[in-house]
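S.K.: show me the folded form of this:
(chains A, B and C)
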Amino acid sequence: MEILTPRTLDEALRIKSERPGAWPIQGGTDVMVALNFDRNRPEAMLNLNEVAALRGWSRDNGALRLGSGLTYAEIEHGELRDVLPALAEASRTVGSPQIRNRGTIGGNLGTSSPAGDALPPLLVEDAEVECASVRGTRRLPLGEFVTGVKRNALEPDELITAVWLTPSEAPQTFMKVGPRNAMVIAVVSLAVSAGEELRASFGSASPRPVLVTAPREEADAFPARVAAAAAPIDDVRGSEAYRRHALRVLTHRALERVLA
Amino acid sequence: MTQTSAPGKLKVGKVGELVPRVDAPTKVKGEFAYASDLIVPGMLWGHTLRSPHAHARIRSLDISEAVSMPGVHAVLTHDDVPGKKTYGLEFPDQPVLAIDRVLYYGEAVALVAAEHPEQARRAAERIRVAYEPLEPVTDMERATEQPPLHAEGPARGHGYFDDPRPNVVRHMVIRHGDVEAVGDVSVSGVYEVGIQDQAFLGPESGLAVPDGEGGVDIYVATQWLHVDRAQVAPCLGLPLSAVRVHLAGVGGAFGGREDLSMQVHGALLALHTNRPVKIVYNREESFMGHVHRHPARIWCEHRATREGKLVNVRMRILLDGGAYASSSTAVASNAASFAAGPYEVPNALIESTAVYSNNPPCGAMRGFGAVQTCFASEAQMDKLADALGIDPIELRLLNALQPGDVLPTGQTIGGSLPIAETIRAAAALEPPPAEELPRDPVRLPGGTGNTTHGEGVRRGVGFAVGFKNIAYSEGFDDYCAARVRLLADGSAEIHCAAAEVGQGVTGVILQVARTELGIDDVRLAPGQTATVESAGSASASRMTWMAAGAVRDACRAALEEQQRRPGEEIDVERIYRHPRTTPLDPQTGQVTGERAHVAFAACAMKVVAEVDVDLGLTRIVWIGAAQDVGRAVNPQQVEGQIEGGTAQGLGLALMEEIQTRDGLITNASFTDYLIPTALDMPPVESVLIEEPEPSAPYGVKGVGEPPTVVSTAAVVGALRAATGRELTRVPVRPDDICL
Amino acid sequence: MRIVLRVNGEEHEADCWEGESLLFALREKLGFPGSKNACEQGECGSCSVLLDGTLVCACLVLAAQADGHDVTTVEGFARGGELHPVQQAFVDAGAVQCGFCTPGLVVAAADLLQRSTSPSDDEIREALSGNLCRCTGYAKIFDAVRLAGGRA
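M.R.: All right, here's what the predicted structure looks like:
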């Protein structure tokens, strides 16, 4: 195994094009578990910690650019909390304070787990994923970026560099069900917003993120519609029946919050 | 006299005083040396190759490629075990390394020693094992009809009921009074308990160092140094004197370190390579590296008079012991002994069976059989109260055991057992009033998950009481040794092999020695097998009592010796035994002498829960506990035991279960085996009931287990009150509440 | 590979296998075994350290990522013979049993109290929710944090 530590984005992209088998590592909260438990032995690790261009967030003509190295703690405690409240609520539920200090939004996208907590709130905000390589930069809608369970559209020579979105400013919330009151992987999670239309997306209930929308006047039918859009499974964390039931309850409660 | 005590001010530390732990300063600084922290020059890393199957025949085992991997110094299989090929706490039914078959997922098959753990892992990957998978025995009810996993019947000939069925580790029946007696009212139920893990934070670890003369020193996190040695030495083909076991820092135990883990493996590698070898399990391996709490299925029928007096308790208890016996025989017996709860039961028929299967091996865990039955029988008491229209606490008081009463085993309670006082003290604790809304989500069911702002939330109050035995039972020769040296400089050095597993026995030993010797300058020598006789196990809530007895006796003997030989250094060793117990009759389950258990301790608990009934999520708001502690040697430590023991029972009630599919563990990680966090544990208000145990030194009783025995039952009682659901299985899943 | 980092204010070097975590390097290569190896998957907090002043799990940091950076472990808190106030409070409140979680909790509690000297009970519980303790049921740990905060 080799460790490659670029200092600039250009250098990182050059390395990635030369060594497409290198695993990017930023916060390490997923990657290190795979290393520690001997699940994977990549030929090289591409350490992104020293690439300043991936950190933080910025505004660009009303749009927001969230660097892929933006941490959950920065979202939870900083100014973004007011701009992206559902994402901030989701960030508060991610792992432990230690994990939130280290884990990044880019990592959540790169892992592309159905349980990724940042995905539902980003999807209801129509986020796009910025993927870069020496060939150039492209943006993919989040719903197209994630192609399956832990699979995404990233090319071998690409890195996730940012997430773009224009905050809807719609009332929104995020909820996550777990069997204990902190530090859980979602049994099921839900983000809902009520702007010009009702929008919902859920976690741990389908192989890839799904956006469910409805006109505001169809709020009564929305919980059933959200539950019907899910494709949950039975696993060690929960049952298919429970997940579907919980989605109905959560959507109902979320609507009471965002339509209040 | 019954009294309650509150923490006093800090003093230097005699019996009954609140003293800070002697090991706390080094622990807070990160300087306390746990087993996994040990490093010596030239040390190799050991790694264990484990079975990916729950049941398979081993067709062939080829290590040729592995031995030539870089950094590798040894690759060992069962062929390299020079002595006895098997070991075990009760019967030697478990191979050191699998021979021609594997009986559980994670069973040790081969060992590697290498310069770096990564080299050891890579070499283990190159060991070729050809398995022929076999149908696993996974259903405890069907196990007694399936082909025997241990055809040789290792449990036969140990004085137990000789059960002809296959896969029975122990079957026992307690027949007491008229087993057909009927009452006015009867309630019945079937209850289930999942597999709980001790989940101690310090994974199994140790360092084996060859002495250059064919012997070995093993530094390990364990609960019983001498019984480790007694099992290790025969496997190594060495005399006891050539194997020295030393206590390394223990990161929690809770029963999970009674059985061997890396001891023989590390010693084999060290002797083979003539290098020190360290083995540290990771968390996944730890789930395979120790026995767990037995999963149970319990059928109950309680019969009572219209007035609420129990007439007859009939229970059938089935425990899945998994692949090897470990301490299943004693767990089965304990489950039966305490099945009816701390109540006077004139007639009882209690059947208890532990079976072999290809599920994860089970053995000792805090509460030892009494947890499972307390959950069942306290649910039954609530059901009975409901059927009779009697207040559940009144019903418990009406039936509460007291000294002079007879247990279902026929044993008359001789010592202290203030059940009614304990119930009353817990019942008198006032929970805080319900909090106003809105609240931060951390104070609602679902926690930071933000799932409710109050919608669907109902409050419930539960109550339970439970008891269990202190120390070893059924005729086991239970003793503890202590050695006292009075030195020329006026100080004293104590030797005692009692394992400090976090429970604070080090402090108990020092407090007793200071009390008896009348000096402050007392230190405890490192625990090891070579310098003092056995202390017995740090388990069964026995260590405080036994160590206190042994150290007291040795101190008194040392002072007498000093009077005879003034001015000389004194060195005396004494062995303490508690009052003798005798076995239960294998046919009737009745005592064959005065007692099968030496003493008992009880705990009563009131729990307030809030449940989001639409999502099945919970928040335990408050717990009030009253515990019969005999005499609190150190009140702060006693409270710590109550709070911590309660947390483990709460975990079993709400979230903790090792899940399996066809015998394979599917959640061997702290990501999916969940234990309570700081946001799951409520404040615990505890009252200590101090009624000295007459047969114990200083009147002490063990305090570790009773809170764990009762808290699962009490927590689920609160969930039932909040939801109106029967909730017959723990851990209670959200599905059980809202679907 | 060789890494150079500051641990508790002093520069240290170690030869590491590339796949090693910072936790392994600290414990096995650099002589700082205080941070504990309880889960190695970020679920227990026993290995909590400050990386450039930020509370992290050392098991989830690649040792190579700490190259050139500043790490504070539990061994860096006591000054001379004097315990850090958080450490002293853990001793006094009876917050230590087996102690395997204690180093991580000391670091996490000190991090909390550095941000807020009188955190509410909810804040304490949430801040420590990433540090599992199997022995104490947490009550005396909360007492210790309140005690340390009160003494500051």
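S.K.: so where's chain B uncertain?
M.R.: Residue ranges of chain B with pLDDT under 70: B:1-13.
S.K.: how about the residue of it found nearest chain A: what's its closest non-neighbour residue?
M.R.: Residue nearest to chain A within chain B: B:Gly447 (2.6 Å; Cβ to the nearest Cβ). C-betas here are computed from N, CA, C, even on glycine. Spatially, and ignoring its direct neighbours in sequence, B:Gly447 is nearest to A:Asn181 (2.6 Å; Cβ to Cβ, 6 or more residues apart in numbering or on different chains).
S.K.: wait, the one you found sits on B:Thr448?
M.R.: Yes: judged on Cβ atoms under 8 Å, A:Asn181 makes contact with B:Thr448 at a distance of 6.8 Å.
S.K.: between those two, who's got more neighbours?
M.R.: Between A:Asn181 and B:Thr448, A:Asn181 has the larger neighbour count (other Cβ atoms under 10 Å in any protein chain shown), namely 31 against 22.
S.K.: and residue 11, how many residues sit next to it?
M.R.: Assuming you mean chain A. 14.
S.K.: correction: the question concerned chain C.
M.R.: Using other Cβ under 10 Å, C:Glu11 has 8 neighbouring residues.
S.K.: show the contacting residues for it.
M.R.: C:Glu11 is in contact with C:4-5, counting by Cβ atoms under 8 Å, 6 or more residues apart in numbering or on different chains.
S.K.: where along the stretch 1-150 of chain B do the helices fall?
M.R.: Ranges of helices within the stretch 1-150 of chain B are B:24-29, B:64-67, B:117-125, based on DSSP state H, counting those that start in this stretch.
S.K.: figure out which of these is closest to C:Ile141.
M.R.: helix B:24-29 (11.5 Å; Cβ to Cβ).
S.K.: contacts for the closest one next, please.
M.R.: Counting by Cβ under 8 Å, 6+ apart, B:21, B:32, C:34, C:74-75, C:77-78, C:83, C:86-88, C:90-91, C:96, C:99, C:102-103, C:106 sit against helix B:24-29.
S.K.: please pick the buried ones from these.
M.R.: B:21, B:32, C:34, C:74-75, C:77-78, C:83, C:86-88, C:90-91, C:96, C:99, C:102-103, C:106 (16 or more other Cβ atoms under 10 Å in any protein chain shown).
S.K.: show me these that map onto helices.
M.R.: Here DSSP state H is the test, and those give C:86-88, C:90-91, C:102-103, C:106 as lying in helices.
S.K.: so where do the strands sit in the chain?
M.R.: This is for chain A. With strands called from DSSP state E, chain A shows them at A:2-4, A:23-25, A:44-47, A:57-60, A:63-67, A:128-133, A:136-141, A:146-148, A:151-152, A:159-165, A:172-177, A:188-194, A:197-203, A:211-215.
S.K.: think we crossed wires, I meant chain C
M.R.: Using DSSP E, the strands of chain C run over C:2-7, C:10-15, C:48-51, C:54-57, C:70-72.
S.K.: shared neighbours, A:Asn181 and B:Thr448?
M.R.: Counting by Cβ under 8 Å, 6+ apart, the residues touching both A:Asn181 and B:Thr448 are B:442, B:679, C:129.
S.K.: so which of these wins on neighbours?
M.R.: Among the shared contacts of A:Asn181 and B:Thr448, C:Ser129 has the most neighbours (other Cβ under 10 Å), with 25 neighbours.
S.K.: surely that one meets A:Val184?
M.R.: No: contact criterion Cβ under 8 Å: C:Ser129 and A:Val184 do not qualify, at 10.5 Å.
S.K.: before we move on, back to that, same list, the helices of the stretch 1-150 of chain B, but as TSV with mean neighbour count please.
M.R.: Below are the helices of the stretch 1-150 of chain B laid out as TSV (neighbours: other Cβ atoms under 10 Å in any protein chain shown):
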stretch	mean neighbour count
helix B:24-29	22
helix B:64-67	15
helix B:117-125	22
